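Asker: After the sequence you'll find the predicted model.
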Amino acid sequence: MPDYSLLDKPIFIRFMFYPRQDTTPCPENAFDLPVRVDENASISCRFYPGDAAWPWLIYFHGNGEVVSDYDDLASLYNRIGINIAVADYRGYGASSGNPSFTSMLKDAKSIFTAVKEQLAARGYNQELWVMGRSLGSLSALELARLYPEDLRGLIIESGFADASRVMNHNGHFPAELLQTRFHQECLEEVSKITIPALVIHGEEDYIVPVEEAQVIFEHLGTPNKKLLLIPMAGHNDLMFLGFKQYFKAIQEFVSGSPEG
């Protein structure tokens, strides 16, 4: 894993993490799981099962979002035959602690283990896929690299491999501090990913430029990969402007065959 200590300084953290502590009562068709990641922090995860036989998507949401934002959105995944488990970050939703890049990637491993154990205990299908949106793409890439034997595939939406590039693009990271070696390390980690991958991005994304999706796609180590660019879509309207393409691509990717 690249050394994120430089980016974990307070001056940069406040530009990349926008924790909200909003929560909602767990819907009747869902269940919550707090995951203890260290003695001072616990991460909130919410599971939205549609059918015990369906595959599961471990989902890491974007910045400024929280688990409960998916109380309604989860049904869109259920409609295409996918169960979804959404994870927060430290300081987000009902989770405790303070966010950082280093802790976020470390916590992803604990979340992955806890999700696997919970699905086994409840008798659910343990076919697992991982997805990251925006900031969550870092967690998803990390798990895809670490657990190729346990994950069927990776989905990246509006994502990036190198947080320093996105920070610099948005004027929050002085160009003179950009580390060429750090960028190379990020791309090297992406090149180690060998599971099937789907990369989705809006062509008009001004927060995370479409070039970041192309960089991920080009460096992925798997030959089984697809890049879907949604015309006219930005960072936060991608799902809705490209609704049919978005969910058709995800459904076909997870099912392994085009929808008839």
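Answerer: Thanks, I have the structure now.
Asker: Can you name the residues bridging to the residue most central in space within the chain?
Answerer: The centroid of the chain falls nearest to Gly132 when counting by Cα atoms, centre = their mean (1.5 Å). For Gly132, the beta-bridge assignment (DSSP bridges) gives partners Phe60, Ile156.
Asker: quick one: it and Leu141 touch, right?
Answerer: Yes: with contact defined as Cβ atoms under 8 Å, Gly132 counts as touching Leu141 (6.8 Å). For the C-beta atoms, the positions are set from N, CA and C on the backbone; glycine is no exception.
Asker: where along this protein do the strands fall?
Answerer: Remark: strands assigned in the chain by DSSP state E are 31-38, 41-48, 56-60, 83-87, 128-133, 151-157, 197-202, 225-230.
Asker: Could you dump those strands into a markdown table and include mean pLDDT and distance to Asp107?
Answerer: Listed next are these as a markdown table, based on pLDDT from 0 to 100; distance: least, Cβ to Cβ, whole Å:
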| stretch | mean pLDDT | distance to Asp107 |
| --- | --- | --- |
| strand 31-38 | 96 | 4 |
| strand 41-48 | 97 | 6 |
| strand 56-60 | 98 | 10 |
| strand 83-87 | 98 | 8 |
| strand 128-133 | 98 | 13 |
| strand 151-157 | 98 | 17 |
| strand 197-202 | 98 | 22 |
| strand 225-230 | 98 | 26 |
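Asker: right, and the ones you listed - which one's nearest Leu119?
Answerer: The closest of those to Leu119 is strand 56-60. By Cβ to Cβ, the value is 6.3 Å.
Asker: who does that closest one touch, helix- and strand-wise?
Answerer: The criterion is 3 or more Cβ pairs under 8 Å, 6 or more residues apart in numbering; DSSP states H and E, and the helices and strands that strand 56-60 contacts are strand 83-87, helix 101-122, strand 128-133, helix 137-146.
Asker: And the contacts of that strand?
Answerer: Where contact means Cβ atoms under 8 Å, 6 or more residues apart in numbering, the residues beyond strand 56-60 that reach it are 70, 77, 82-87, 108, 111-112, 115, 119, 124-133, 135-137, 139-140, 143, 155, 254.
Asker: Can you select the buried ones among those residues for me in PyMOL?
Answerer: Only the buried members of the contacts of strand 56-60 enter the following PyMOL selection, criterion being 16 or more other Cβ atoms under 10 Å:
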select buried, resi 70+77+82+83+84+85+86+87+108+111+112+115+119+124+127+128+129+130+131+132+133+135+136+137+139+140+143+155+254
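Asker: Counting neighbours, what do you get for Asn224?
Answerer: 12 (other Cβ atoms under 10 Å).
Asker: In space, what's closest to it - neighbours in sequence excluded?
Answerer: Pro196 (4.1 Å; Cβ to Cβ, 6 or more residues apart in numbering).
Asker: Next: Glu204.
Answerer: Gly234 (5.0 Å).
Asker: quick one, what contacts that neighbour?
Answerer: Counting by Cβ under 8 Å, 6+ apart, Gly234 has contacts Gly202, Glu204, Asp205, Tyr206, Ile207, Leu241.
Asker: before we move on, what about Ser68?
Answerer: Applying Cβ under 8 Å, 6+ apart, we find Ser68 in contact with Asp22, Thr23, Thr24, Arg46, Gly93.
Asker: rewinding a little: turn the helices and strands packed on strand 56-60 into JSON lines, including distance to His172.
Answerer: Below are the helices and strands packed on strand 56-60 laid out as JSON lines (distance: least, Cβ to Cβ, whole Å):
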{"stretch": "strand 83-87", "distance to His172": "25"}
{"stretch": "helix 101-122", "distance to His172": "14"}
{"stretch": "strand 128-133", "distance to His172": "20"}
{"stretch": "helix 137-146", "distance to His172": "16"}
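Asker: how about low-confidence regions in the stretch 101-250 of the chain?
Answerer: 174-180 (pLDDT under 70).
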